[in-house]
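> no FASTA, just this:
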């Protein structure tokens, strides 16, 4: 029986949305955040990335950060349907 492969959430790229720096997390943090958010790892792929609202480099006094997940796509990935008369 075919079993879908699960993308390892620990391989997700994490970036600061404020300064653009890559963010390095301890092992297991990405998996924990996605689990708490109710995101199934089967929905993830290599086009997904996490963006924080700040990082320790640009906001050292903060203890918690907001995280969003994005799926990056190219124009070729999007399906446009052109309708009309030329």
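Thanks, I have the structure now. Bear in mind the structure is a predicted one, so any value in this text is a computation, not a measurement.
> I'd assumed residue 23 was in contact with residue 16.
Yes - using Cβ atoms under 8 Å, residue 16 makes contact with residue 23 at a distance of 5.7 Å. In short, each C-beta sits where N, CA and C put it, glycine included.
> give the residues shared as contacts by those two.
52, 55 (Cβ atoms under 8 Å, 6 or more residues apart in numbering).
> pLDDT below threshold where in the protein?
Applying pLDDT under 70 to the chain flags the ranges 1-5, 74-86.
> for it, what spans make up the strands?
Taking DSSP state E to define them, one finds strands in the chain at 13-16, 48-52, 67-71.
> gap between stretch 59-71 and the chain center?
12 Å (Cα atoms, centre = their mean, to the nearest Å).
> can you give me the buried ones in it?
65, 67, 69 (16 or more other Cβ atoms under 10 Å).
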